[in-house]
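Novice: Fold the following for me, if possible:
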Amino acid sequence: MSWISSDNTKFIICVFIAVAIWLCTGYTDVTAKAWHIFAVFIAVICSFILRPYPMGMMVLMGLLALVISSTLTIKESLSGFADSTVWLVVAAFLLAGAMIETGLGRRIALNLVKKLGKTIKGLAYAICGSEFILASVMPSNTARGGGIHAPIVNSLSHSLGSTKSHHPERAGQYLSLVGGHANLIAAAMFMTGMAANPLVSKAVNQVYGIEFGWSTWLLGSIVPGLISLLILPQVIHRLTKPTLSDGRAAQKKATEELKDMGPMSTREKVMMVVLILMLLLWTTKFIHGIGTTTVALIGVLVLLITKAQTWDDIIKNEMAWDTLIWLGGLLTMANLLLEYGFIQWFVDIVQSSVGSVTGLTAIIILGIIYFYSMYAFSMLTGHIAAMVGPFLAVSLAVQGQPLVAAAIFAYFSCLCGCTTNYSSGPIIIYFGLGYVEAPKWFSVGFIVSLCHITVWIGAGLVWWKILGWW
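Specialist: Numbers count the residues shown, from 1 in each chain. Next up, the predicted model:
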């Protein structure tokens, strides 16, 4: 398959996909403009899978193609960049960068390891606990999992005599799997737990006209999420039991690293105060009415004013500004697909194929299809951008309960990343540590996926019934 290794070849494949779809204009009831936007949108999503060039570059090419072909005006092509969702995600990356730079995130994780790490299972629960705590205030699962936890897992595994080439089964294999899957659960529990989550919240608002914001998101996820975090170390322990049970060497390593860090710095203290402030504002929106994006930007501004973060830190955050480009462009295309009727056309087709199945049953079936469609995607963001809006619209058409549909697609958008070793940045990083072979990752991931579906549909529906969501 060396022929597909060339970036140019991959790019040509994406162009061919766009042209092939474009030339099918007129064979459906969709307007030419909507169909052309769809052609470019699908080609861009395919580029996320093949990765010929960076995501931002491919999105810009797509937008320029639509402008040059007179499908869109330049003003329309830039409309998505003014969306508050985009700026929430940018702020999320800036805040996540500050958590890493100040050292607060690492300190929290190491303290949990120090307190819980007497056994290997204790270390696993420390990782789960740290993911839960940091996900509430660190709005990037890549920075959280890849920037903080994965390096700690690697270091602790080495301290236990487990490396990718020597005795990975002692500890590294188990801790890597727990870390990767715990990251996805924590991402599912908070609207700000993953950078792409606000896309789901926006889609819910567009389709159902309801706000599935920070506090509502957490209210629906807290029970099934905590159950998932509690059983995850046990499930993975059964699937890939570590040959070592004593974790005290890792506990000692964490204690030494905390000692090397010294007392909490002023920057860390400011960071902690800012995070607490944002949590309070997010959870009390019903009182003051300040939006989630505004709160996140306030947090960034306070960090700058107090000099806990510098302007140079802000402008050097490549992930934030890269995300601004590709996410703004994706939202432009997604919004226009809805505006020009493509989504409604798709909904009508799927609704007719679903037949007489309606309501809660239809939502569950659609949710499971949505979950396992992740096998065809190489990143959660691409999966969400391509699939969540249409699936929510179909749920509306089959008379599904709005909040239950919002919950299932919101939480499954993150949890479905358990299926592969290439689903998201943190998963790729954990897999890249080398402790787990690909077949093992896939087999464990499939069983974990069954656990997620059981917990989040089983316990989730009971909890949502108590909340009055259906």
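Novice: Against T240, how distant is S157?
Specialist: Relative to T240, S157 is positioned 13 Å away (C-beta to C-beta, to the nearest Å). (C-beta placed from N, C-alpha, C; glycine too.)
Novice: helices and strands around the longest helix along the chain, which ones?
Specialist: Assignment by DSSP state H gives helix 214-239 as the longest helix of the chain. Contact here means 3 or more C-beta pairs under 8 Å, 6 or more residues apart in numbering; DSSP states H and E; on that basis helix 214-239 packs against helix 120-135, helix 172-189, helix 266-283, helix 285-288, helix 402-415, helix 438-453, helix 460-466.
Novice: mind listing what's buried in it?
Specialist: Within helix 214-239, the residues that count as buried by 16 or more other C-beta atoms under 10 Å are 214-221, 223-225, 227-229, 232-233, 235-237.
Novice: Heading C-terminal from it, find the next helix or strand.
Specialist: Later in the chain than helix 214-239, the nearest helix or strand by DSSP states H and E is helix 248-261.
Novice: Contacts for that next one, please.
Specialist: 103, 106-107, 110-111, 113-114, 117-118, 123, 152, 155-157, 159-161, 171 (C-beta atoms under 8 Å, 6 or more residues apart in numbering).
Novice: Now, of these, which are buried?
Specialist: If you count burial by 16+ other C-beta under 10 Å, the buried members of these come out as 103, 106-107, 110-111, 113-114, 117-118, 123, 152, 155-157, 159-160, 171.
Novice: Filter those residues down to the ones in strands?
Specialist: Among those, none falls in strands (DSSP state E).
Novice: Which of these fall within helices?
Specialist: Residues from the buried ones among the contacts of helix 248-261 lying in helices, with DSSP H as the criterion: 106-107, 110-111, 113-114, 123, 152, 155-157, 159.
Novice: G161 and H167 touch, don't they?
Specialist: Yes. The pair G161 and H167 passes the contact test of C-beta atoms under 8 Å, sitting 6.1 Å apart.
Novice: Can you give me the neighbour number for G209?
Specialist: G209 has 9 neighbours, counted by other C-beta atoms under 10 Å.
Novice: now for the ones in helices among the buried ones among the contacts of helix 248-261, which pair is the farthest apart?
Specialist: Comparing all pairs in these by C-beta to C-beta, the longest separation belongs to R107 and S157, at 20.0 Å.
Novice: follow-up on the earlier one: what's the closest of the helices and strands packed on helix 214-239 to I68?
Specialist: helix 402-415 (32.9 Å).
Novice: so K115 makes contact with Y125?
Specialist: No. Judged on C-beta under 8 Å, K115 makes no contact with Y125 at a distance of 10.1 Å.
Novice: neighbour count winner among those two?
Specialist: Between K115 and Y125, Y125 has the larger neighbour count (other C-beta under 10 Å), namely 22 against 13.
Novice: give the contact list for that one.
Specialist: 116, 233.
Novice: quick one: low-confidence ranges for this structure?
Specialist: Counting by pLDDT under 70, the low-confidence segments of the chain come to 1-5, 139, 351, 353-356, 376, 378.
Novice: Pick out the residue nearest the middle of it.
Specialist: M194 (3.9 Å; C-alpha atoms, centre = their mean).
Novice: Please tell me how far it sits from T381.
Specialist: Using C-beta to C-beta, M194 is found at 9 Å from T381.
Novice: Same check on Q173?
Specialist: For Q173, the distance to T381 (C-beta to C-beta) stands at 28 Å.
Novice: Kindly report the same for G122.
Specialist: The value you get for G122 to T381, if C-beta to C-beta is used, is 33 Å.
Novice: Comparing these two, which residue is more hemmed in?
Specialist: Ranked by neighbour count (other C-beta under 10 Å), G122 and T381 place T381 first, with 25 against 20.
Novice: Tell me which residues touch that one, please.
Specialist: 48, 195-196, 199, 327.
Novice: mind listing what's buried in the helix or strand hosting K75?
Specialist: In the assignment (DSSP H and E), K75 maps to helix 74-77. Residues of helix 74-77 classed as buried by neighbour count (16+ other C-beta under 10 Å): 76-77.
Novice: Now do that helix: which elements does it pack against?
Specialist: helix 55-68, helix 318-339.
Novice: report the angle between the axes of the longest one and helix 55-68?
Specialist: If you take axes from the mean of the first three to the mean of the last three C-alpha atoms, to 10 degrees, helix 318-339 sits at 40 degrees to helix 55-68.
Novice: Make residue 1 into 71 and carry on from there
Specialist: Sounds good: first residue 71 from here, last item helix 388-409.
Novice: how much distance is there from the helix or strand following helix 388-409 to the middle of the chain?
Specialist: Next helix or strand after helix 388-409 toward the C-terminus (DSSP H and E): helix 412-424. Between the centre of helix 412-424 and the centre of its chain there are 26 Å (C-alpha atoms, centre = their mean, to the nearest Å).
Novice: what's helix 412-424 packed up against?
Specialist: helix 102-120, helix 429-442, helix 450-467.
Novice: quick check: angle from it to helix 450-467?
Specialist: Using the same axes, to 10 degrees, helix 412-424 lies at 70 degrees relative to helix 450-467.
Novice: most neighbours per residue, which of the helices and strands packed on helix 284-309?
Specialist: helix 242-259 (a mean of 29; mean count of other C-beta atoms under 10 Å).
Novice: Would you check that N405 makes contact with L148?
Specialist: No. With contacts counted by C-beta under 8 Å, N405 stays clear of L148, the gap being 11.9 Å.
Novice: who has more neighbours, those two?
Specialist: Neighbour count, other C-beta under 10 Å: between N405 and L148, N405 has more, with 18 against 15.
Novice: Could you report the separation of the nearest residue in space to that one that is not next to it in sequence from W157?
Specialist: Spatially, and ignoring its direct neighbours in sequence, N405 is nearest to G150 (6.3 Å; C-beta to C-beta, 6 or more residues apart in numbering). As judged by C-beta to C-beta, G150 and W157 stand 11 Å apart.
Novice: Next, V207: secondary structure please.
Specialist: Under DSSP: H, G, I helix; E, B strand; the rest coil, the three-state class of V207 is coil.
Novice: any chance you could read off phi and psi for it?
Specialist: Main-chain torsions, V207, degrees, to the nearest 10: phi -130, psi 0.
Novice: burial of it, as a residue count?
Specialist: V207: 25 neighbours (other C-beta under 10 Å).
Novice: need the contact list for it.
Specialist: Here V207 is in contact with 165, 169, 262, 345, 348-349 (C-beta under 8 Å, 6+ apart).
Novice: do the same with Y244
Specialist: Each residue near Y244 by C-beta under 8 Å, 6+ apart is listed here: 190, 194, 306-307, 310-312.
Novice: can you rerun that using 7 Å?
Specialist: Contact partners of Y244, counting by C-beta atoms under 7 Å, 6 or more residues apart in numbering, are 190, 194, 306-307, 310, 312.
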